[in-house]
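[1] Predicted model and sequence follow; I will ask about them next.
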Amino acid sequence: MNPLQVQTKERTARLSSGLAKSAAADPQAQPLLTQGLIVLMAISCGITVANLYYNQPLLADIGRSFGVGAQQVGLVSMLTQIGYALGMFLFIPLGDIQEKRRLITTLLITVGVALIGVATAQSLTWIYIASLAVGVTTVAPQMIIPLAAGLAAPQDRGKVIGSVMSGLLIGILLARTVSGWIGELFGWRSMYGFAAVMMFVLAFVLSRRLPVSRPDIRLSYPALVRSIGQLIVELRTLREAALIAAFLFGSFSVFWTALTFYLEGPNYGYGSGVAGLFGLVGVVGALAASVIGRLTSRIQPRFLIGFMIFAAFVSYVLFWAAGGWIWGLIIGVILLDLGVQGGQVTNQARIYSLLPEARSRINTVYMVSSFIGGAIGSTLGAYAWSRWGWSGVCVVGGAMVSAAFLIWAGHRIADRLKGQVSV
């Protein structure tokens, strides 16, 4: 196969030979993608990805159950996100060479078992292991999104991906609200038991409703993994986007990990239910971020991502200067979620234009980097709170956003010096 021309000219002949072994699509294997199926996929992504975030409003309650402080219980969030990054690296590439419906339903059943492990944990070590397992197996959304894209007609693909991604983003934010309410009313263990039941029900529904999806790539698993390394080496824009995502999502996790402790402190004296309500506030930012996706066709994504980073930085200025007032926190949350989620949509618009036949592997690199940053942010957020309080949290989160800006600005300066234009 002749090498495809990529606008950024970042692809080489070696990369092309390693990735271009696609099987011809079977037209009869492409069922009609109905609106009902799109909605089901969006809801499935939101419900499943929520497993990663239930713990954040519940950390203080979990810590009291085991008699530990913020720094130790903060490892629950870190291990969940590390597990998610590991699960994406191990399982998402399989979506290119295995039947997706079977993979998705198997993972949903497995994460249901892991959630039961969290709900029944009798020691901190037990909950650490179970939380890691929840992260590893909560990767079905990253298989559902490429499946939706493959089923969509070319002219509808962008709209379909946007709809499914909206479900994912809203699930991330509402998870905190739901877990805060259930945790306050029935205890944190009940939240995980309820989540396990939802995964088993969802696995049954999707096993009946999702179409069979035959693999498009004829590669062995080792070759597939090697091709991911080639993508990292050859695609400069992917490396930039992945690093920006890591620091932005790290700053996001710094805030949400520390928020419960701050709201329960003497300044506010609120419980986990109020902490969860901030997820509803964040939906405003997420819905605004969905508009950003449409702007990427009018404004160069490489410039738009700079604005998203700036919005996230302003949010931390507000947290530091006005975090003692509830409206300061609310406006800051909207800006933070706008910056982080808008940054994700914009970065995905950039990287998906690089190499269409390798989108799932490109997504693997991007999302693994993002959640490694999130895991680091969760740890730093808990540590900063335990050592320096809210001011330390604001400094650490602001520093991570600043690192994202330096990466973005450094690439723009390098492009100008070299006379190049990147996406």
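    Yes, it's here.
[2] Residue 420 - how many residues pack around it?
    Neighbour count for residue 420, taken as other Cβ atoms under 10 Å: 12. All C-beta atoms are positioned from the backbone trio N, CA, C, and that covers glycine.
[3] Then residue 62?
    22.
[4] didn't residue 343 look like it was pressed against residue 243?
    No: in this structure, residue 343 is not within contact of residue 243 by Cβ atoms under 8 Å, at 11.9 Å.
[5] can you list residues touching both of these two?
    residue 404 (Cβ atoms under 8 Å, 6 or more residues apart in numbering).
[6] Please identify which of these two sits among more neighbours.
    The neighbour count for residue 343 versus residue 243, taken as other Cβ under 10 Å, is higher for residue 343 (30 against 20).
[7] Checking that one next. Helix, strand or coil?
    helix (DSSP: H, G, I helix; E, B strand; the rest coil).
[8] who touches stretch 44-55?
    Under Cβ under 8 Å, 6+ apart, the answer for stretch 44-55 is 62, 76-77, 80-81, 84, 108, 111, 115, 131, 134-135, 138, 140-141, 144-145, 164-165, 167-168, 170-172, 174-176, 178-179, 191-192, 195, 198-199, 202, 206, 256.
[9] got the CA positions of that stretch in CSV?
    These are the backbone C-alpha positions of stretch 44-55, laid out as CSV (Å, rounded to 0.1, in the frame of the first residue of the first chain):
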residue,chain,number,x,y,z
SER,A,44,-23.3,3.2,28.3
CYS,A,45,-20.1,5.4,28.1
GLY,A,46,-21.4,7.7,30.8
ILE,A,47,-22.5,5.0,33.2
THR,A,48,-19.3,3.0,32.7
VAL,A,49,-16.7,5.8,32.9
ALA,A,50,-18.4,7.0,36.1
ASN,A,51,-16.8,4.0,37.9
LEU,A,52,-13.5,5.9,37.9
TYR,A,53,-14.9,8.9,39.7
TYR,A,54,-17.3,7.6,42.4
ASN,A,55,-14.5,7.6,44.9
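[10] in the stretch 101-250 of the chain, which spans are helices?
    Secondary structure of the stretch 101-250 of the chain (DSSP state H, counting those that start in this stretch): helices located at 124-137, 141-151, 157-186, 188-209, 221-234, 236-264.
[11] Can you say which of those is packed in most?
    helix 236-264 (a mean of 26; mean count of other Cβ atoms under 10 Å).
[12] relative to helix 157-186, how tilted is it?
    Orientation check (axes from the mean of the first three to the mean of the last three Cα atoms, to 10 degrees): helix 236-264 against helix 157-186 gives 20 degrees.
[13] list the helices and strands helix 236-264 packs on?
    Packing partners of helix 236-264 (3 or more Cβ pairs under 8 Å, 6 or more residues apart in numbering; DSSP states H and E): helix 59-66, helix 70-91, helix 221-234, helix 272-295, helix 301-322, helix 326-351, helix 359-418.
[14] Any figure for the gap between residue 292 and residue 89?
    27 Å (Cβ to Cβ, to the nearest Å).
[15] Which of the two has more residues huddled nearby?
    residue 292 (22 against 19).
[16] Count the neighbours of the closest residue to that one other than its chain neighbours for me.
    Spatial nearest neighbour of residue 292, excluding adjacent residues (Cβ to Cβ, 6 or more residues apart in numbering): residue 342 at 4.2 Å. Each residue near residue 342 was counted by other Cβ under 10 Å, and the total is 27.
[17] ok, residue 342 touching residue 309?
    No: at 9.7 Å, residue 342 does not count as touching residue 309 under the criterion of Cβ under 8 Å.
[18] Go through the helices and strands packed on helix 236-264 and name the closest to residue 152.
    Across the helices and strands packed on helix 236-264, residue 152 has its closest neighbour in helix 359-418 (13.0 Å, Cβ to Cβ).
[19] just how off-centre is stretch 388-408 within its chain?
    19 Å (Cα atoms, centre = their mean, to the nearest Å).
[20] can you check stretch 168-187 too?
    16 Å.
[21] pLDDT (mean, whole number) over that stretch?
    Stretch 168-187 shows an average pLDDT of 84 in the prediction.
[22] same thing with stretch 404-420?
    On average, stretch 404-420 scores 88.
[23] CA-only coordinates of that stretch, as PDB, when you get a sec.
    This file holds the C-alpha atoms of stretch 404-420, laid out as PDB (Å, rounded to 0.1, in the frame of the first residue of the first chain):
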ATOM      1  CA  ALA A 404       0.800  22.400  29.800                       C
ATOM      2  CA  PHE A 405       1.100  26.000  28.600                       C
ATOM      3  CA  LEU A 406       4.900  25.800  28.400                       C
ATOM      4  CA  ILE A 407       4.600  22.700  26.200                       C
ATOM      5  CA  TRP A 408       2.000  24.300  24.000                       C
ATOM      6  CA  ALA A 409       4.000  27.600  23.700                       C
ATOM      7  CA  GLY A 410       7.300  25.700  23.100                       C
ATOM      8  CA  HIS A 411       5.900  23.800  20.100                       C
ATOM      9  CA  ARG A 412       4.500  27.000  18.600                       C
ATOM     10  CA  ILE A 413       7.900  28.700  19.000                       C
ATOM     11  CA  ALA A 414       9.600  25.700  17.500                       C
ATOM     12  CA  ASP A 415       7.200  25.700  14.600                       C
ATOM     13  CA  ARG A 416       7.900  29.400  13.900                       C
ATOM     14  CA  LEU A 417      11.700  29.000  14.100                       C
ATOM     15  CA  LYS A 418      11.500  26.000  11.700                       C
ATOM     16  CA  GLY A 419       9.000  27.700   9.400                       C
ATOM     17  CA  GLN A 420       6.600  24.800   9.900                       C
END
